[in-house]
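Peer 1: next one to model:
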Amino acid sequence: MRQTTVAGQFYPLNPKSLKKELSRCFKDLVISEKPILGAVVPHAGYMYSGQVAAHAYAQLPRADTYILFGPNHTGYGSAVAMSQDTWTTPLGVVETDREIGKLLAGTIIDFDELAHHFEHSIEVQIPFLQHRFGSNFKILPICMGLQDEETAIEVGKELARAVKASGKKVVFIASSDFTHYQSATVASDNDHYLIEPILEMDIPEFYRRREERNISACGFGPIAAMLSATMEFGAKNVSLLKYANSGDVTGDTSGVVGYAAIVLE
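Peer 2: Numbering: from 1, shown residues only. Below is the predicted model:
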């Protein structure tokens, strides 16, 4: 079983405290299930980015499986690593979707648990899903150390193919923060410049702009994989629900991290 790595750091370890923190994140948001196919959410500590993430989670529909793409911050494991282990959080156990996993055998996506052992970008998403949907869902975590454009598009298309073959209802979720440790003004300018091609579902332009300004969004591959997968399902409408940065919480705007909640229908 995949144990928690950042419970007690990025979010509360105590279940009662975690439920209270999640309720704070969703405060004043209307819960409404929309026909969302994909989303971009941040993965910092809940006190910094939890409320931004909740903007997207508040609109997600119930699904059989949530496909979670996250960047590999640790360097451990395979270049593109899928977990088939059972995951646990302070709110309980979540099973991975082994049926879709089997349909990905022989692709660029490896069966590899090591990449997930100490990685936080996917783990921090699961309590949001448990808060919304209880225990009646599965996850499929995909950790990406290799994030180039060609790989990300291939990963997205392979997931879409496998999901279609399974006949299941899924939502694709990309876990990424945006600019790291720039002033709030620079971060906002760069991040909105990078978000524009996401809203246009233009993956080549997304990569071009990231490289042009060397924008330090850590999950650009997961974002592109999510876009690639959702386009295979006919996604057309993309909405930026919320943008904020860590300085909005700390009051220090000299060096912030940018966060965005984006959904695709």
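
Peer 1: please, where are all the helices along this structure?
Peer 2: Remark: helices assigned in the chain by DSSP state H are 15-26, 46-57, 98-103, 126-133, 149-166, 184-199, 203-213, 220-232, 247-250.

Peer 1: most packed of those helices?
Peer 2: The densest packing among the helices of the chain, expressed as mean neighbour count by mean count of other Cβ atoms under 10 Å, is seen in helix 220-232 with a mean of 27. Where you see a C-beta, it was placed from the backbone N, CA and C, and this is true even at glycine.

Peer 1: and it, how far from the chain's centre?
Peer 2: Relative to its parent chain, helix 220-232 has a centroid offset of 11 Å by Cα atoms, centre = their mean, to the nearest Å.

Peer 1: need the residues that contact it.
Peer 2: Contacts of helix 220-232 from elsewhere in the structure, counted by Cβ atoms under 8 Å, 6 or more residues apart in numbering, are 37-40, 67, 69-71, 121, 142, 144, 146-149, 151-157, 159-161, 163-164, 172-176, 198, 201, 203, 206-207, 210, 217, 264.

Peer 1: C-alpha coordinates for that helix, CSV please?
Peer 2: Extracted C-alpha coordinates of helix 220-232, given in CSV (Å, rounded to 0.1, in the frame of the first residue of the first chain):
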residue,chain,number,x,y,z
PHE,A,220,3.9,21.5,-17.9
GLY,A,221,4.1,17.8,-19.2
PRO,A,222,1.1,16.8,-17.1
ILE,A,223,-0.9,19.8,-18.4
ALA,A,224,-0.1,18.9,-22.0
ALA,A,225,-0.9,15.2,-21.4
MET,A,226,-4.3,16.2,-19.9
LEU,A,227,-4.9,18.5,-22.9
SER,A,228,-4.0,15.7,-25.3
ALA,A,229,-6.3,13.3,-23.6
THR,A,230,-9.3,15.6,-23.3
MET,A,231,-9.0,16.6,-26.9
GLU,A,232,-9.5,13.0,-27.8
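
Peer 1: no more questions from me, cheers.
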